[in-house]
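K.L.:
make a model of this:
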Amino acid sequence: MTTPVEMPGDLPLLSYRCHILLMGSCFAQSMGERLLAAKLPCEVNPYGILYNPLSIVTALQEIMAGKTYTQEDLVYDRNLWHSPMHHGDFSSPDAGETLRRVNGNIRRVHDGLPGIDRLLVTFGTAWVYERNVEGVWRVAGNCHRMPESGFRRRLLQVDEIVESFSTLLAPWLEGNLALKVLFTVSPIRHVRDGLHANQLSKSTLLLAVEGIRRAFPASVFYFPAYELLVDELRDYRFYADDLVHPSPLAQSMVWERFTAACCTRETLCVMQACEEIAKALQHRPFRPDSREYKAFLEQIVLKIDQLNRKYPYLDFQNEKDVCHTRLKT
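P.N.:
Have a look, this model is predicted:
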C-alpha cells in the first residue's frame, strides 16, 4: 500500500532540443547524470553539489557575471586549496589547478547561458554556515571540514530565499522568454541537524519554493520529489543501508515519475534507445574474440548510426569508439 502523489499537469517538458542547467543538491546531481546518460544536452552542477538556496543563487549570479576566481578567493587548509563556494572535487594541492577547474566551468556555462531554456534547481537544506570575510558574514557553499569555530550556523528565512531568487529570476526571465524553471526539494534528511531541525529546514524550503512559484506563475514550477519519497515511498525498503538516502530502486522509481511527467513522448523513445545501447555495451561476453560477439558489436554500431541519421545531434562518439576498439581485438 502506498499514498500516490499526484503529478502536476503543467510541468515544462524536456526534449533533445532543450538546453538544460541543473543546480543544487543530490537530486539535481542524480537526475543530471541520468539525463546526460540519455544524451540530453545538460550542464550539471558546475560548482559541484550545493545544498542551500543562497549558495545556489550566488553561483548563478557569478556564472551570469562571468566571475574569474583568483587565489584571494581560495582558502588553504590541510594541504589543499579550496573554494568556499565549490564542492571538494575542485580542491587541489595546487592553487592554479583549483582555479583552472573553477574558472573553466564558469566560462563554459557563462558562454552557454543565453541558450539555456530549462533550469532545474534542487534545494537540500535551509541551514547555512557563514564565514567572516573581512567583517562580512558570507554563506559558504561548502565548509570543506574546516573547524566549526570559523563559521556561524543559522536557518534561512522564507522571505530571504524568495527575495534572492526573485531578484535573480526577474531580469533573466524577462530577457529569455523561453526559460522555464523547475524546483524540487531533496527528500534526503539532514539527520546531523537533528530530525526536528531537518523538518524546520524542509518546511522552509517548501514554503520558499511556493513563494517563488507564485511570483512567477507562468515560468516557475515544482516537481514533488520530496513528497514521492516521504509519502509514496515512505517504507524503509526504499532506503539505502543508512536509512537516509533513497535506494537504487527508489531512485529509479522517482526517475520514472520524473521523465513521465517532464519528457515528451518522442524524448522518452529516444531515451529508451540510448539506454538499450548503454546496456548492450555493458554486456561482457565469454569469448570477446568470437564471431558472434563481433556481430553483436556491429549491430550496436548499426543502431547508433540509425539513431544518428534521425537525430544527428546525439553524441555517440564514445560508444562507437568502444565498439571499434573491441572489434579490433
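K.L.:
all strands for the stretch 201-329 of the chain, in order.
P.N.:
220-222 (DSSP state E, counting those that start in this stretch).
K.L.:
close enough to count as contact, residue 251 and residue 30?
P.N.:
Yes - here residue 251 reaches residue 30: they are 6.2 Å apart, a contact under Cβ atoms under 8 Å. Where you see a C-beta, it was placed from the backbone N, CA and C, and this is true even at glycine.
K.L.:
least trustworthy helix or strand in this protein by mean pLDDT?
P.N.:
None of the helices or strands of the chain scores lower by mean pLDDT, DSSP states H and E than strand 136-139, at a mean of 90.
K.L.:
packing partners of the following helix or strand past that strand?
P.N.:
Following strand 136-139 in sequence order, the next helix or strand is strand 151-155 (DSSP states H and E). Where contact means 3 or more Cβ pairs under 8 Å, 6 or more residues apart in numbering; DSSP states H and E, strand 151-155 is packed against strand 127-133, helix 195-215.
K.L.:
can you rerun that using 10 Å?
P.N.:
In terms of contacts (3 or more Cβ pairs under 10 Å, 6 or more residues apart in numbering; DSSP states H and E), strand 151-155 is packed against strand 127-133, strand 136-139, helix 195-215.
K.L.:
so can I have a markdown table of the ones you listed showing mean neighbour count?
P.N.:
Shown next, in a markdown table, are the helices and strands packed on strand 151-155 (neighbours: other Cβ atoms under 10 Å):
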| stretch | mean neighbour count |
| --- | --- |
| strand 127-133 | 16 |
| strand 136-139 | 14 |
| helix 195-215 | 18 |
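K.L.:
do you know which of those lies nearest residue 59?
P.N.:
The closest of those to residue 59 is strand 136-139. By Cβ to Cβ, the value is 10.9 Å.
K.L.:
so what touches that closest one?
P.N.:
Residues from elsewhere that reach strand 136-139 (Cβ atoms under 10 Å, 6 or more residues apart in numbering): 52-55, 57-58, 84-85, 128-132, 151-152, 154, 156.
K.L.:
of those, which qualify as buried by neighbour count?
P.N.:
Using 16 or more other Cβ atoms under 10 Å as the burial test, these include 52-55, 57-58, 84-85, 128-131, 151, 156 as buried.
K.L.:
quick one: the residue with the largest distance to the centre of the chain and residue 220, what's the gap?
P.N.:
Most distant from the centre of the chain: residue 291, at 41.6 Å, with distances by Cα atoms, centre = their mean. Counting by Cβ to Cβ, to the nearest Å, the separation of residue 291 from residue 220 is 56 Å.
K.L.:
then residue 57?
P.N.:
14 Å.
K.L.:
check residue 239 too.
P.N.:
According to Cβ to Cβ, residue 239 stands 30 Å off from residue 220.
K.L.:
who's more crowded, the two?
P.N.:
Shown here are residue 239 and residue 220; by other Cβ atoms under 10 Å, residue 220 has more neighbours (25 against 20).
K.L.:
and that one, what does it touch?
P.N.:
Taking Cβ under 10 Å, 6+ apart, we find residue 220 in contact with 12, 119, 121, 165-166, 169, 173, 179-183, 209-214.
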